[in-house]
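# got a structure for you, letters missing:
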């Protein structure tokens, strides 16, 4: 795989492959031409892509010719620009082909056109295939139905034992994720029980790659990532938070003990913990003795998750990311959405009933990659939380917001 973000690849990166006579590897393959429309050509392309996904991921670079050395190795020999009046259409064709003919869908796959001939408008196309966490993937096209896996010398059709092992690995990743979250929820629940029962929010952003046995990130690089991993309640107007190294990763926290905390585990998992904002009062009852109201957390979740995802992208973590949100000690609280303009000026919609249970452990949801928009998931979470207070949906986002 080319060691650079696919969005930043340029002609110099591809020219370098030719200059050093880069050989094909477990995670890199070259093709001279785009696949044609014949069945054999399409199946070959699909087999290459699925084989990467079923092993370690990799880059399929189309627009580079290769030659065979005396040792029988294939090496990059020349850039052969793809002449196309509609390169975007060519990319969409490949995306549609992969989406329709590889099952299940490969999460996080990206295809990028790279201009390599500024005079004639020629391009290369890079297909970046992540190591898959929802495989194994099968090619299903025009009567062809096969599993493939990548090797250092190309690809081969998987036998029954390899297919079974791939299914077992996928199941074990899910088990490890579930066990990690359960442990953290139980631990934080116990810490809250020993304290003042303060309503608390817990956010997890978990790259599936973090559950590989050898998962590790560059902590020095992560420490230089600025504000990406500051706590959920941090804003640009505030002072930078304190950073300290821990045995299991890095921790960002405010100067006040009541401020939120973010932990970036050395596996790449991000954990944000923060106290919820409370006011007094309920609809038609704003006395000091009225139940407390929680205000405006969905937007904070969204902003925090976006920061965390951008941080993971800066660390060049690709592939699917699992999101999870847990609320502690919220039973009996009324909910209030941020103020917005209504028929009678600004108003803050509130729930008519309190939250019906003490802890809300929301289900895990999956993003195809850190580059994906988490807003639909956060909207779903917000609706679930307002459902717990007897309301049909969260008023935080309008119908127009949801349709965007």
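It's in. Just so we're clear, the structure is a prediction, and the values are computed from it rather than from any experiment.

# touching, residue 317 and residue 268? I think so.
Yes: counting by C-beta atoms under 8 Å, residue 317 does reach residue 268; the two are 5.4 Å apart. For the C-beta atoms, the positions are set from N, CA and C on the backbone; glycine is no exception.

# neighbour count winner among those two?
residue 268 (24 against 20; other C-beta atoms under 10 Å).

# I figured that one was touching residue 218, is that so?
No: counting by C-beta under 8 Å, residue 218 is not a contact partner of residue 268; they are 10.2 Å apart.

# which residues are in contact with each of these two?
residue 315 (C-beta atoms under 8 Å, 6 or more residues apart in numbering).

# and the helices in the stretch 151-300 of the chain?
Using DSSP state H, counting those that start in this stretch, the helices found in the stretch 151-300 of the chain span residues 160-194, 219-223, 297-314.

# could you check stretch 161-175 and say which residues are buried?
Going by neighbour count (16 or more other C-beta atoms under 10 Å), the buried part of stretch 161-175 is 162-163, 166, 170, 173.

# same list (the helices of the stretch 151-300 of the chain) but as a markdown table, adding mean pLDDT.
Formatted as a markdown table, those follow (pLDDT from 0 to 100):
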| stretch | mean pLDDT |
| --- | --- |
| helix 160-194 | 91 |
| helix 219-223 | 90 |
| helix 297-314 | 85 |
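
# out of those, which one sits most buried?
Greatest average neighbour count among those goes to helix 297-314 (a mean of 21), per mean count of other C-beta atoms under 10 Å.

# next helix or strand past that helix?
Per DSSP states H and E, the first helix or strand lying C-terminal to helix 297-314 is strand 321-328.

# okay, now residue 394: neighbour count?
23.

# how is the protein divided into domains?
The record's domain parsing of the chain by automatic domain parsing lists 6-158, 177-403.

# worst average pLDDT in these?
Of all those, mean pLDDT reaches its minimum on domain 177-403 (a mean of 82).

# returning to that earlier point: please identify which of the helices of the stretch 151-300 of the chain is closest to residue 12.
Residue 12 lies closest, by C-beta to C-beta, to one member of these: helix 297-314, at 21.5 Å.

# buried ones in stretch 6-23, by neighbour count?
6, 9, 11, 13-14, 17-18, 22-23.

# again, but for stretch 93-113
Buried residues in stretch 93-113 (16+ other C-beta under 10 Å): 94, 97-98, 101-102, 106-113.

# for it, the distance to its chain's centre please.
Here stretch 93-113 is found 17 Å from its chain centre; the criterion is C-alpha atoms, centre = their mean, to the nearest Å.

# start to end distance for that stretch?
12 Å (C-alpha to C-alpha, to the nearest Å).

# touching it from outside, list them.
Residues contacting stretch 93-113 (C-beta under 8 Å, 6+ apart): 6-7, 9, 34-35, 42, 45-46, 49-50, 53, 87-88, 90-91, 123-130, 132-135, 137-141, 318-320, 366, 368-369, 371.

# at 7 Å what do you get?
Applying C-beta atoms under 7 Å, 6 or more residues apart in numbering, the external contacts of stretch 93-113 come out as 6-7, 9, 42, 46, 49-50, 53, 87, 91, 123, 125-130, 132, 134, 137-141, 318-320, 368-369.

# quick check on those residues: which are buried?
Looking at these with 16+ other C-beta under 10 Å, the buried ones turn out to be 6, 9, 42, 46, 49-50, 53, 87, 91, 123, 125-130, 132, 134, 137-139, 141, 318-320, 368-369.

# and those, which of them are in helices?
Of the buried ones among the contacts of stretch 93-113, the ones assigned to helices by DSSP state H are 42, 46, 49-50, 53, 87, 91.

# with distance to residue 151 as added columns, please give those residues in a markdown table.
Formatted as a markdown table, those follow (distance: C-beta to C-beta, whole Å):
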| residue | distance to residue 151 |
| --- | --- |
| 42 | 22 |
| 46 | 17 |
| 49 | 15 |
| 50 | 14 |
| 53 | 14 |
| 87 | 31 |
| 91 | 27 |
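
# from these, which is closest to residue 193?
residue 53 (43.5 Å).

# so that closest one touches residue 133, yeah?
No: the pair residue 53 and residue 133 does not pass the contact test of C-beta atoms under 7 Å, sitting 9.6 Å apart.

# surely residue 254 and residue 232 touch.
No: using C-beta under 7 Å, residue 254 is not in contact with residue 232, being 10.9 Å away.

# and for these two, which residues touch both?
By C-beta under 7 Å, 6+ apart, the residues touching both residue 254 and residue 232 are residue 260.

# of these two, who's got more company?
Applying other C-beta under 10 Å to residue 254 and residue 232 shows that residue 232 carries more neighbours, namely 23 against 18.

# isn't the more buried one right next to residue 203, touching?
Yes: between residue 232 and residue 203 there is a contact at 6.5 Å, judged by C-beta under 7 Å.

# now the common contact residues for the two.
Joint contacts of residue 232 and residue 203 (C-beta under 7 Å, 6+ apart) are 272, 304.

# ok, which stretches of the stretch 101-250 of the chain are strands?
102-103, 110-117, 122-129, 138-141, 144-151, 154-157, 200-207, 242-246, 249-253 (DSSP state E, counting those that start in this stretch).

# quick check: closest non-adjacent residue to residue 116.
residue 11 (4.5 Å; C-beta to C-beta, 6 or more residues apart in numbering).

# my bad, should have said residue 101
residue 141 (4.1 Å).

# ok, residue 163 next?
residue 147 (5.4 Å).

# what distance do you get for that neighbour to residue 273?
From residue 147 over to residue 273 the distance is 42 Å, taken as C-beta to C-beta, to the nearest Å.

# partner residues bridging residue 149?
residue 156 (DSSP bridges).

# typo on my end, it should be residue 274
residue 201.

# quick check, it in contact with residue 260.
Yes: Residue 274 lies in contact with residue 260 (C-beta under 7 Å); the separation is 3.4 Å.

# got the contact list for residue 315?
217, 221-222.

# mind putting those into a markdown table with distance to residue 393?
A markdown table is the format used below for the contacts of residue 315 (distance: C-beta to C-beta, whole Å):
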| residue | distance to residue 393 |
| --- | --- |
| 217 | 37 |
| 221 | 41 |
| 222 | 37 |
